[in-house]
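> Only the shape, not the letters, is given here:
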């Protein structure tokens, strides 16, 4: 039984359905990548698992989210609140805007351990500074008293990570944790997250649009397109033999050493907005392999013996064992 | 921060000169000769000339201004023409009444405005919010003199709870404070609500929710804290607006404040009194803006460190 | 269909759609209907008002509302309802005229300051900033008192009191539009100043300034009433809402209706203008741009 299991999840925001029957699972000590372009529903997935959908006026329409034996879709808000920050932690997309600008960063980390672990001010401070040091923040005891605007983007993201770790959660959801950072810092942050998972045995959901990050960090990956799962499999297998045309296109977008200038591929077109989802397979207008059934019928998500899942009428059928 | 405050205070000096020039020009350049109002109807040209000489009105405008400014800097605001008393005395006498009224009205507007805005923002798009917003719209569109008269009619005449007019004791302050304060409350509530709803959209608020903090604590401790920064700035900017309201309200309630003095000066064409009152009110507005800016800077660590 | 008629047709469509957006919202619709009704009442006052505004009848002085005089009579026995209807002529025409002229002059000053910059801009900005230290109501009160009471000086004072606001807003609009790529491109192509200002800048700066003027008209009605209350506005026997309350304030204990009803009409009218303005802001989607001022 996985720590978190999402099944057939659909959500409704003001009458539109930006997520339609998605599913995935993640276990302790495992890193699950959720990949897709912007507009594919990655961030909404994070928000839904965190139980924060009502904040933007949305609700779960169908499906289940089970976390350590508890059904989250029907969990009353007061109980859910005690779970957030305590057992399920969140790392947001943009560290520049994710910290309260008028509160010292140390106090913002303290909030979590004081609230959930009942620590007093002194114990919380000691814990926060220890965490900051563990996250390799230079002169942590000084930075503790700084305001967010006095820190660099990478430092801020470490503060956000420290906040996520402050109550020893079992599951961390990181929504594009490196997008807003410099390339050199990006690798450091990803490395840090990987270390945390290995050391502490937490489960990590890493949401990203970057297949390069997936290859670097994840164990398994779910590819989302326009609110549906396109494909999911182990990372090595998916890179070795992507089945869905969208996955293949995403992999072609990774820049590699020794590439000829100008040879980097893009995917023509863009993800349709929720209001304009096409009938049938939502990827078919951009797909070079689309045929007659694609515009008419939704391809079902097929479970292959290898553990791969793919939703495409013309999926690659070559089997590759996940090494 | 302290040096910034001092710098801003020093900047008020040239502003003071500019304002004094404007006040002087308003009285002397706008059609309508102060001399006409001084001389009685039917005065002979000789009599007029004598009066002009007595008040220095026969000198060139620029010279008049510098004479006036010179005396002003020594604290001499001139002599009231009709009341025949030093204007400085008149101002000193009425200022405490206006300060009490303006200060209490400001306090009233801040407390109730922030409270109403907070409640409206927390219960956004519910009946409670709509009710508060309707009250705000109504409160901000009533002419203050009319509201004052209405309050007198209800609470002083019908119910007899407060005196109709005057300034004998604190009960006489209740209705004037309410009259000015209701308009101010509407303004503050509107700004508070908008600022809170805008702040609630920010990324950091989402993360606070993700940390598991109770929603009410997020609203009070974080969202309101942010919303107060624009509110403080607006309050500083709108001190003048409150003072402007105070002028008419003092008149309605016959309170012996600066506003009543100004209206009386205007009716009696007592231009030294008018000049002094205008100058005091304009400087109060400038000070209000300054205090608002400083308070906002003190509340925001980003601004604080930008000023280092 | 030539290109020009196509453009004209498209503009008409746009206007129709904005009007529709405003009038179809419940608040905007009710407010708009009220304002149209008020304007019609003012225009056709002699045919609508039950009595002439100056028909005195001391036998029925200061009478409470009755079937004959729905809103009562004033101290000279004149019908309050009739005077409110006639008063709408004065109050509306004074406010609308004053604000229109003020908007026009403010736009010219603001556009020139924002577009040409330099010393002229510095002078305009300084004066505008300084005028912030004189609350509108004080400025208007003093101007009217010095020039002498009456409707013309009331208009002049209201216009001056709001001039800074429109100048500031127009200048801010022009400055932000000047930074737009398409305007920079036009400037680089060597277009004339007139072409840039009147073809590209002003049309885009227009909407926020006009909406701001519309909202200021509400304030101007209050200001006119206040000046009238101090006996500085319309002179007897010309009825204006403010002047009615001025003469009524002496009788507030004996005949409160003389002052209550004109005040209510002022409040409702200003609320209607605000609601209509809000609906307009929403329909034009210019909330953010109004804040630039």
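Now that the structure is in, tell me what you want to look at. Everything numeric here is computed off the predicted structure, so don't read it as measured data.
> got a list of what residue A:216 touches?
Taking C-beta atoms under 8 Å, 6 or more residues apart in numbering or on different chains, we find residue A:216 in contact with A:187, A:190, A:194. Where C-beta positions appear, they are placed from N, C-alpha and C, glycine not excepted.
> Within the helices and strands, which one has it?
helix A:211-217 (DSSP states H and E).
> ditto for residue A:155
Applying DSSP H and E, one finds residue A:155 within helix A:153-165.
> Tell me which residues touch the closest residue to chain C within chain B, please.
Distance from chain C to each residue of chain B (C-beta to the nearest C-beta) is smallest for residue B:244, at 3.2 Å. Neighbouring residues of residue B:244 by C-beta under 8 Å, 6+ apart: B:281, C:135-138.
> One more: residue C:32?
By C-beta under 8 Å, 6+ apart, the neighbours of residue C:32 are C:22-23, C:276, C:279.
> farthest-separated two in the residues you listed?
For the contacts of residue C:32, the farthest-apart pair by C-beta to C-beta is C:23 and C:276; their separation is 9.4 Å.
> of those two, who's got more company?
Each of residue C:23 and residue C:276 has its neighbours counted (other C-beta atoms under 10 Å in any protein chain shown); residue C:276 has more, 26 against 17.
> Excluding covalently adjacent residues, which one is nearest to that one?
Among residues not flanking residue C:276 along the chain, residue C:31 sits closest, at 4.1 Å (C-beta to C-beta, 6 or more residues apart in numbering or on different chains).
> roughly how far apart are the one you found and residue A:298?
48 Å (C-beta to C-beta, to the nearest Å).
> on that earlier part again, need the max-distance pair from the contacts of residue B:244.
So, those by C-beta to C-beta: farthest apart are B:281 and C:136, at 12.4 Å.
> My read is that residue C:135 contacts residue B:243, right?
Yes - proximity of residue C:135 to residue B:243 meets the contact threshold set by C-beta atoms under 8 Å, at 6.1 Å.
> what residues do these two have in common as contacts?
With C-beta under 8 Å, 6+ apart as the test, residue C:135 and residue B:243 both reach B:281, B:285.
> Helices of the stretch 101-250 of chain C, residue ranges please.
Assigned by DSSP state H, counting those that start in this stretch, the stretch 101-250 of chain C shows helices spanning C:118-131, C:136-147, C:151-178, C:181-188, C:193-195, C:202-229, C:241-248.
> Same question for the stretch 1-150 of chain A.
A:42-49, A:77-83, A:95-98, A:105-117, A:121-134, A:140-143.
> any idea of the mean pLDDT in the fifth one?
Per-residue pLDDT values over helix A:121-134 give a mean of 93.
> Next, the buried residues of that helix.
Neighbour-count burial for helix A:121-134, counted by 16 or more other C-beta atoms under 10 Å in any protein chain shown, picks out A:124-125, A:127-129, A:131-132, A:134.
> now do the fourth one
Of the residues in helix A:105-117, those buried under the neighbour-count criterion (16+ other C-beta under 10 Å) are A:105-116.
> Flag every residue of the stretch 151-300 of chain B that's near chain A.
Residues of the stretch 151-300 of chain B lying close to chain A (C-beta under 8 Å from any C-beta of the partner chain) are B:202-204, B:206-214, B:222, B:225-226, B:299-300.
> Mark which of those residues are buried, thanks.
The buried subset of these - by 16+ other C-beta under 10 Å - is B:202, B:204, B:206-213, B:222, B:226, B:299-300.
> Which of those fall within helices?
Of these, the ones assigned to helices by DSSP state H are B:204, B:206-210, B:226, B:299.
> By residue count, which helix of chain B is the longest?
Longest helix in chain B by number of residues (criterion: DSSP H): helix B:87-122.
> which one of residue C:31 and residue A:298 has more residues nearby?
Shown here are residue C:31 and residue A:298; by other C-beta under 10 Å, residue C:31 has more neighbours (25 against 16).
> Pretty sure that one sits against residue C:279.
Yes - under the criterion of C-beta under 8 Å, residue C:31 makes contact with residue C:279 at 7.0 Å.
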